[in-house]
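> Return atomic coordinates for the entry below.
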Amino acid sequence: MALGFGISKAKSANSNSDINDNVKDRELKNANDFQDSERQSDSGEDASISIGKQIELEAGNAIQYRTCSWQKTAALLFSEYICLAIMSFPWSYSILGLVPGLILTAVVAALVLYTSLICWEFCLRHPEIRDVCDLGQMIFFNWRWAFWFTAVMFILNNTFIMGLHCLVGAKYLNTMTGNSMCTIGFSAIVACISWLCSLPRTFDTLSKAATASAFFTFISVLLATIFAGIEDHPKGYPKFGEPIVLAIPAAGTTFVAGMNAFMNISYTFIGQITLPSFIAEMREPRDFPKALWAVTIAEIIVFSLVGAIVYANSGTNYITAPAFGSIGNEKYLKVSFSFMIPTIIFLGVLYASVSARFIFFRIFGKTKHMGSHTVVGWASWGGILAVLWVLAFIVAEVIPFFSDLLSLMSSLFDAFFGFIYWGVAYFHMRQMDYGKDYFRNRGIRGWAGFLFNIALCGIGLLFLSGGTYATIQSIIDGYKQESFGGAFSCDDNGV
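All right, here's what the predicted structure looks like:
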């Protein structure tokens, strides 16, 4: 059953004409209101409502932003989603059971696809949107507080992801070297390398590195899956007996454990926070669904197969997060983990670039520093990135554990950027389209869309409440059990 994604045809030519006129009038007013707000708050910067006009205005610039094809956007999406977090799926399946885990994988993928299409439709109607912060202001009645609330969440989310990659980079270096240096030093090295790789200023440039990142990540998880399958026993065998594989959750599985496993799965899929930024740099945003469908199909296949095969060969009693730690043969472990190097660096770089882009655009607007190679422009860009990577390094040291950091990010940020925002965006668009005539003109389709998007907002609230509680409790339990090193510790965190 269609859930009301598109604008349905009215029952008669007259009503159809009236609706279209209302849509045009309301959308134009909305765009004008948003532009007025931006002019007042961004030191005179004027937001254009025409993609063609945007491309025309920057045609003579040395640095051009509206340059991405859908193929390059697909490369960015693949690099964002085909990432290290895939190796948390076997651990999640060990908690949830294989059958519920696979079902949740497909359900979350479908929800993210739907909400991503909502995001795309909204951005298509409002080409002046530059990032999710602009979108957040629009869907909440152009209230300025909504912009700043979204901005804070946006920067925090991206910084936490950058911190996760500092942490994983330190894990990799410790694994390869046997803790030859203090873990803090390894995290700092990863942050410095990532800062250097973040310096390109357009997604068009980063898309080339994104392709390599996604390819090597796929090779990494493929090798890890093959190695887990051909090994006689997982790492640690026979300490805990024979590997145990569960089709359903084990008796006594706690809410905290189950919610954290669900959060790990959700985090890997939910990446809508970057989509408005990507769409804002496409030459033809109407082609975005091509990239979206390609990455969603790949996600379901890769995530399900890797999670199921690695879990089935490691068992609940030997699985780790990330699952590289379950590989018993040290050579297999190091080879498969090493192919993850590009994504360890690049995905943090991608989120750093998205954050820096947001800050840079607000500071410099349409000054010459936006489109030209000026000393001030490049120094500011580098300085913004440096601050972001310092903050990411601090996050990596304060929260030095993989699965709980994934869950914390999922509960705090994905509640909004994975579900709530897109339910509200749906209602905003349908209100603009139909006003008081929403249910009369859309009938059962309107009711289905209404109820489904209410449910989306409810899922977001579950993430925010139950997910945050479960994650914080898991962190407390981890410190009590000393299952990971303390903050700013030199302890070996290798897998």
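> isn't residue 97 right next to residue 247, touching?
Yes: counting by CB atoms under 8 Å, residue 97 touches residue 247, with 5.6 Å between them. C-betas here are computed from N, CA, C, even on glycine.
> Give me the more crowded residue out of the two.
For residue 97 versus residue 247, the count of surrounding residues by other CB atoms under 10 Å is larger for residue 97: 21 against 9.
> Output the longest helix belonging to this protein.
Longest helix in the chain, counting residues (DSSP state H): helix 144-177.
> Do you know the pLDDT at residue 4?
Here the pLDDT value assigned to residue 4 is 36.
> Repeat that for residue 16.
Reading off the model, residue 16 has pLDDT 40.
> just for the stretch 251-400 of the chain, where's the confidence low?
For the stretch 251-400 of the chain, the stretches with pLDDT under 70 are 400.
> switch to 80 and redo it
Residues of the stretch 251-400 of the chain meeting the criterion pLDDT under 80: 365-372, 398-400.
> out of everything not next to it in sequence, what's closest to residue 131?
residue 277 (4.7 Å; CB to CB, 6 or more residues apart in numbering).
> Identify the residues contacting that neighbour.
By CB atoms under 8 Å, 6 or more residues apart in numbering, the residues touching residue 277 are 130, 131, 132, 203, 354, 357, 358.
> model confidence over the helix or strand containing residue 428, on average?
Residue 428 is located in helix 421-434, with elements delineated by DSSP states H and E. Averaged across helix 421-434, pLDDT comes to 88.
> the inter-axis angle of that helix versus helix 144-177?
Interaxial angle, helix 421-434 versus helix 144-177 (axes from the mean of the first three to the mean of the last three CA atoms, to 10 degrees): 150 degrees.
> What are the buried residues along helix 421-434?
421-430, 432-434 (16 or more other CB atoms under 10 Å).
> which helices and strands does whichever helix or strand comes after it pack with?
Heading C-terminal from helix 421-434, the first helix or strand you meet, by DSSP H and E, is helix 438-462. Here helix 438-462 touches helix 98-125, helix 421-434, going by 3 or more CB pairs under 8 Å, 6 or more residues apart in numbering; DSSP states H and E.
> and residue 444, how many neighbours?
The burial count for residue 444: 11, using other CB under 10 Å.
> Please report how far it lies from residue 453.
From residue 444 across to residue 453, the span is 15 Å (CB to CB, to the nearest Å).
> mind listing the helices for the stretch 151-300 of the chain?
Secondary structure of the stretch 151-300 of the chain (DSSP state H, counting those that start in this stretch): helices at 183-197, 203-230, 255-269, 275-279, 288-314.
> My error: substitute the stretch 1-150 of the chain in the last question.
Under DSSP H, counting those that start in this stretch, the stretch 1-150 of the chain gives helices at 13-41, 51-57, 70-81, 89-96, 98-125, 132-139, 144-177.
> want to try a markdown table for those helices, with mean neighbour count and distance to residue 363 as columns?
Formatted as a markdown table, the helices of the stretch 1-150 of the chain follow (neighbours: other CB atoms under 10 Å; distance: least, CB to CB, whole Å):
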| stretch | mean neighbour count | distance to residue 363 |
| --- | --- | --- |
| helix 13-41 | 14 | 13 |
| helix 51-57 | 14 | 19 |
| helix 70-81 | 24 | 24 |
| helix 89-96 | 28 | 39 |
| helix 98-125 | 19 | 23 |
| helix 132-139 | 24 | 14 |
| helix 144-177 | 21 | 13 |
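> Any idea which of these gets closest to residue 346?
helix 70-81 (5.9 Å; CB to CB).
> ok so, going back, the helices of the stretch 151-300 of the chain: which one's closest to residue 478?
helix 255-269 (10.7 Å).
> Please report how far the most centrally placed residue in the chain lies from residue 350.
Taking CA atoms, centre = their mean, the centroid of the chain lies closest to residue 271, which sits 2.4 Å from it. Distance of residue 271 to residue 350, computed by CB to CB: 10 Å.
> do the same with residue 169
Taking CB to CB, one finds residue 169 at 15 Å from residue 350.
> what do you get for residue 376?
Relative to residue 350, and taking CB to CB, residue 376 is found at 25 Å.
> can you put the helices of the stretch 151-300 of the chain in CSV and add distance to residue 397?
Listed next are the helices of the stretch 151-300 of the chain as CSV, based on distance: least, CB to CB, whole Å:
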stretch, distance to residue 397
helix 183-197, 6
helix 203-230, 25
helix 255-269, 20
helix 275-279, 28
helix 288-314, 29
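> Tell me which of these lies nearest to residue 372.
Distance to residue 372, taken as CB to CB, is lowest for helix 203-230 among those, at 16.1 Å.
> and the angle from that closest one to helix 89-96?
Going by the same axes, to 10 degrees, helix 203-230 makes 60 degrees with helix 89-96.
> on contacts alone, who are the packing partners of helix 203-230?
Checking 3+ CB pairs under 8 Å, 6+ apart, helix 203-230 ends up next to helix 70-81, helix 288-314, helix 330-338, helix 341-364.
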